[in-house]
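Asker: Everything below, folded, please.
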Amino acid sequence: MMISSELEIVALIVALYGSTCVVLACADEGVLQQSLRGMRLQVADDRLRLAGRSPLWLNPLLPMRPAFRGQWGNVDSVAAAPGLAARIPEVTAASMVLAPYVFAVFLCTVVGVPLSLLLVGAKGSVPVIGLAYFTVVALLVRLWFLRGEFLLDGRRFALLAFESIACPPFAAGLVRRLSLAVPVTEDLASFVIDMTEGCRRQAIEALMERCGDMKEFFADDPRTFALLTRYWVRLAGMAGSYPDAPATAAVSEET
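Answerer: Presented below is the predicted three-dimensional model:
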């Protein structure tokens, strides 16, 4: 059975856009993502590994929401005072400005073009394809005025512009690609302070579970085990600040 060229193009568009929704994270890394309910945290695990890293899946329906890659496990870099660290506030604000442009690119490129190809064929899709390129150009023009917020120099902007025009599905994931490239030097546990209650609970529990798994893995390494234990105790103390926190009675036994 022959596969039509239109179907192949649709599959390629979906695959290219899907690649912008995946982050390959190391064992001590995680991703903070803006969701409808606030900032949420995903951490790497060992259930599935690709090239030695764990894939973390970002919501494909919210390409306009930024995501930030960071590390966990360094108890000495966990901030004790409220206030999002690094450049997250600036990048989040700039992402909100780009949000309608990114959403327009997403609708035209990832939704509109595939639907038109399947329904009316390649010739009938020309107007939709033209509209998709128009939205990409509009997004790039708006991004030009926000280069400072995303730490973009002229060379990197030119590269992103070339990639976005040559492959419009990449433009739909532009905000994520930009925000993931922003350096986050603080430990991921620092960011739970400003999360909503539900997101804060989820983030601390995810970090505690991952830390517990890593402690078992490094049980024969006294130094690393001790550092992870300190980190787990710190998380347990943070978890105790909400009523239905996980039980922390085992802390004294493990220390």
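Asker: Now do L151 against M214, distance only.
Answerer: Using Cβ to Cβ, to the nearest Å, L151 is found at 31 Å from M214. Every residue, glycine included, has its C-beta placed from N, CA and C.
Asker: out of the two, which sits in the more crowded spot?
Answerer: Between L151 and M214, counted using other Cβ atoms under 10 Å, the more crowded position is M214 (21 against 14).
Asker: residues in contact with the more buried one?
Answerer: By Cβ atoms under 8 Å, 6 or more residues apart in numbering, the contact set of M214 is A27, D28, G73, L228.
Asker: Convert the C-alpha atoms of the helix or strand encompassing it to PDB, please.
Answerer: Element membership for M214 (DSSP states H and E) is helix 197-217. In PDB, the C-alpha atoms belonging to helix 197-217 read as follows (Å, rounded to 0.1, in the frame of the first residue of the first chain):
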ATOM      1  CA  GLU A 197       0.400  24.900  47.000                       C
ATOM      2  CA  GLY A 198      -0.500  22.000  44.600                       C
ATOM      3  CA  CYS A 199       2.500  22.500  42.400                       C
ATOM      4  CA  ARG A 200       4.800  23.000  45.400                       C
ATOM      5  CA  ARG A 201       3.700  19.700  46.900                       C
ATOM      6  CA  GLN A 202       4.200  17.900  43.600                       C
ATOM      7  CA  ALA A 203       7.600  19.300  43.000                       C
ATOM      8  CA  ILE A 204       8.900  18.500  46.500                       C
ATOM      9  CA  GLU A 205       7.500  15.000  46.400                       C
ATOM     10  CA  ALA A 206       9.100  14.400  42.900                       C
ATOM     11  CA  LEU A 207      12.500  15.700  44.200                       C
ATOM     12  CA  MET A 208      12.300  13.500  47.300                       C
ATOM     13  CA  GLU A 209      11.400  10.400  45.300                       C
ATOM     14  CA  ARG A 210      14.200  11.000  42.900                       C
ATOM     15  CA  CYS A 211      16.700  11.800  45.600                       C
ATOM     16  CA  GLY A 212      15.700   8.500  47.400                       C
ATOM     17  CA  ASP A 213      16.300   6.500  44.200                       C
ATOM     18  CA  MET A 214      19.700   8.100  43.700                       C
ATOM     19  CA  LYS A 215      20.700   7.400  47.400                       C
ATOM     20  CA  GLU A 216      20.100   3.700  46.700                       C
ATOM     21  CA  PHE A 217      22.200   3.900  43.600                       C
END
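Asker: before we move on, the earlier item: report the two of the contacts of M214 separated the most.
Answerer: The most widely separated members of the contacts of M214, counting by Cβ to Cβ, are A27 and L228 (11.6 Å).
Asker: of those two, who's got more company?
Answerer: L228 (25 against 19).
Asker: I'd say the more buried one and K215 touch.
Answerer: Yes: using Cβ atoms under 8 Å, L228 makes contact with K215 at a distance of 4.7 Å.
Asker: Can you get me a residue count around L143?
Answerer: Neighbour count of L143, defined by other Cβ under 10 Å: 25.
Asker: ugh, typo on my part, it should be V22
Answerer: Using other Cβ under 10 Å, the number of residues around V22 comes to 15.
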